[in-house]
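Participant: Pasting the sequence and the predicted model now:
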Amino acid sequence: MASIRQHMFFPVLLTASVFCFCANPSLAELPRLKQPAKADNSLSFLVVGDWGRKGEYNQTLVAKQMGIVGKNLDIDFVISTGDNFYEDGLKGVDDPAFYESFVDIYTAPSLQKQWYNVLGNHDYRGDVEAQLSPVLKVKDSRWICFRSFILNSGIVDFFFVDTTPLVDKYFTDPGDDTYDWKGVLPRQAYLSELLEDVDSALKQSKAKWKFVVGHHTIKTAGHHGNTLELEEQLLPILKANDIDAYINGHDHCLERITDSESGIEFLTSGGGSKAWRGDIKRWNKEELKLYYDGQGFMSMQITETRADVIFYDVYGNVLHKWTITKDLSTAA
């Protein structure tokens with residue numbers, strides 16, 4: 001067990017604002033992290049979401065295939081699109097679910113890289129600050145989680161956005177669920193500052209590629225449908241700043257929608273464990289390039305001029321792949 005729980009440390013450069021962010025729930029300025037690209041200025045990574053089920057619902061099988069693909073692509077890191085621990089997040093920093101759903105599941109050598117995590121709605125049902133705590137990084141050096149942050153990696157800027165507080169029903173009609181809103185209230189002030197910071201950061205970005213990562217869907221043919229609050233409040237910011245893709249989880253499927261108006265790719269990678277068979281809504285067939293109602297994950301390999309994206313099923317079979325190209329003369 002010790003060999004599983006003791007991992008090599010892969011350094012990430014954090015600015016001083018990151019440490020201020022841990023102590024102060026006010027956003028002020030989004031934390032900025034740096035993830036070095038390869039020597040040839042390329043980057044490769046995996047994306048998985050909605051996974052934390054202690055190995056159940058094929059989570060271990062997805063993890064196995066992630067390890068194989070991660071080795072073949074020589075990945076630099078992994079992105080999690082949230083709902084990291086079901087059903088109700090972590091109970092605290094000593095919750096064994098951190099080992100049972102993360103440390104002891106993603107054991108392949110290729111996955112011993114940084115994991116950049118956003119929070120999902122199920123994570124907000126537990127002790128949110130446990131997932132944000134540096135104590136977890138001591139337990140496993142891969143773990144990096146903030147509410148919202150920026151990851152700079154040379155040619156790519158990633159903007160991780162805390163989408164759960166944007167959704168009204170979690171506040172107005174939570175049912176039997178209890179949400180941990182410490183660090184979020186007063187809500188309107190939190191959201192106003194968050195959206196302003198995201199807009200400002202996107203405007204300042206000089207990266208060739210700009211990707212935004214959040215838990216909730218914006219455009220989807222899946223179970224949850226479009227998230228109205230994100231359509232109204234976040235999407236206009238994404239369109240105004242000409243991002244390349246919005247990457248999310250929440251719907252337990254694999255999906256690609258290419259918006260015919262803006263050209264933004266809406267990529268859902270929420271197949272890390274439990275999937276919803278046959279749960280699909282009508283969508284414009286010219287925009288819906290992939291909908292897969294099973295478990296799996298996504299990979300991306302990026303250079304200055306192209307991004308190769310692949311979706312895989314639980315057995316490692318390629319479901320869908322395509323290339324996004326960018327003209328160097330206009331990519332800045």
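Facilitator: In hand now; what should we look at?

Participant: Tell me where the chain has helices.
Facilitator: 2-5, 16-23, 59-73, 97-98, 128-132, 134-139, 169-172, 187-204, 228-233, 235-240 (DSSP state H).

Participant: buried set for the longest one?
Facilitator: Residues of helix 187-204 classed as buried: Tyr190, Leu191, Glu193, Leu194, Leu195, Asp197, Val198, Asp199, Ala201, Leu202 (neighbour count, 16 or more other C-beta atoms under 10 Å). All C-beta atoms are positioned from the backbone trio N, CA, C, and that covers glycine.

Participant: Looking at the helices of the chain, which is nearest to Ser148?
Facilitator: helix 187-204 (6.0 Å; C-beta to C-beta).

Participant: Convert the C-alpha atoms of the closest one to CSV, please.
Facilitator: Written as CSV, here are the backbone C-alpha positions of helix 187-204 (Å, rounded to 0.1, in the frame of the first residue of the first chain):
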residue,chain,number,x,y,z
ARG,A,187,-23.5,34.9,-3.2
GLN,A,188,-24.1,37.9,-5.5
ALA,A,189,-20.9,39.5,-4.5
TYR,A,190,-19.0,36.2,-5.1
LEU,A,191,-20.5,35.7,-8.5
SER,A,192,-20.0,39.3,-9.6
GLU,A,193,-16.3,39.2,-8.7
LEU,A,194,-15.9,35.7,-10.2
LEU,A,195,-17.3,36.7,-13.6
GLU,A,196,-15.4,40.0,-13.6
ASP,A,197,-12.2,38.2,-12.9
VAL,A,198,-12.8,35.5,-15.6
ASP,A,199,-13.6,38.2,-18.1
SER,A,200,-10.5,40.2,-17.2
ALA,A,201,-8.2,37.2,-17.2
LEU,A,202,-9.4,36.1,-20.7
LYS,A,203,-8.9,39.6,-22.1
GLN,A,204,-5.4,39.7,-20.7
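
Participant: which residues are contacting it?
Facilitator: With C-beta atoms under 8 Å, 6 or more residues apart in numbering as the contact definition, helix 187-204 has outside contacts at 26-30, 148, 150, 159, 161-162, 165-166, 171, 181, 184, 210, 212, 233-234, 237-238, 240-241, 243.

Participant: do that again at 10 Å, thanks
Facilitator: 25-30, 32, 147-150, 157, 159-163, 165-166, 168, 171, 181, 183-184, 186, 210, 212, 214, 229, 233-234, 236-238, 240-243 (C-beta atoms under 10 Å, 6 or more residues apart in numbering).

Participant: hmm, back to that, if you average pLDDT over each of the helices of the chain, which is lowest?
Facilitator: Mean pLDDT is lowest for helix 16-23 among these, at a mean of 34.

Participant: quick one on the thing from earlier: out of the helices of the chain, flag the one nearest Leu254.
Facilitator: Comparing the helices of the chain by C-beta to C-beta, helix 59-73 comes nearest, at 11.0 Å.

Participant: Just the CA atoms of that closest one, as PDB, please.
Facilitator: In PDB, the C-alpha atoms belonging to helix 59-73 read as follows (Å, rounded to 0.1, in the frame of the first residue of the first chain):
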ATOM      1  CA  GLN A  59     -14.300   3.600 -12.400                       C
ATOM      2  CA  THR A  60     -11.400   1.200 -12.100                       C
ATOM      3  CA  LEU A  61     -11.700   0.200 -15.700                       C
ATOM      4  CA  VAL A  62     -11.700   3.800 -16.900                       C
ATOM      5  CA  ALA A  63      -8.700   4.400 -14.700                       C
ATOM      6  CA  LYS A  64      -6.900   1.500 -16.300                       C
ATOM      7  CA  GLN A  65      -7.400   2.800 -19.800                       C
ATOM      8  CA  MET A  66      -6.400   6.300 -18.700                       C
ATOM      9  CA  GLY A  67      -3.100   4.800 -17.600                       C
ATOM     10  CA  ILE A  68      -2.500   3.100 -20.900                       C
ATOM     11  CA  VAL A  69      -3.400   6.200 -23.000                       C
ATOM     12  CA  GLY A  70      -1.500   8.400 -20.600                       C
ATOM     13  CA  LYS A  71       1.600   6.400 -21.200                       C
ATOM     14  CA  ASN A  72       1.200   6.300 -25.000                       C
ATOM     15  CA  LEU A  73       0.700  10.100 -25.100                       C
END
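
Participant: other SSEs contacting it?
Facilitator: Under the contact definition 3 or more C-beta pairs under 10 Å, 6 or more residues apart in numbering; DSSP states H and E, helix 59-73 sits against strand 43-48, strand 77-80, strand 296-302, strand 306-313.

Participant: Quick one: those strands as CSV, columns for mean pLDDT too.
Facilitator: Below are those laid out as CSV (pLDDT from 0 to 100):
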stretch, mean pLDDT
strand 43-48, 98
strand 77-80, 98
strand 296-302, 98
strand 306-313, 98
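
Participant: Nearest to Val138 among these would be which one?
Facilitator: strand 77-80 (18.9 Å).

Participant: now for that closest one, which elements pack on it?
Facilitator: strand 43-48, helix 59-73, strand 114-117, strand 143-145, strand 149-153, strand 156-161, strand 209-214, strand 296-302.
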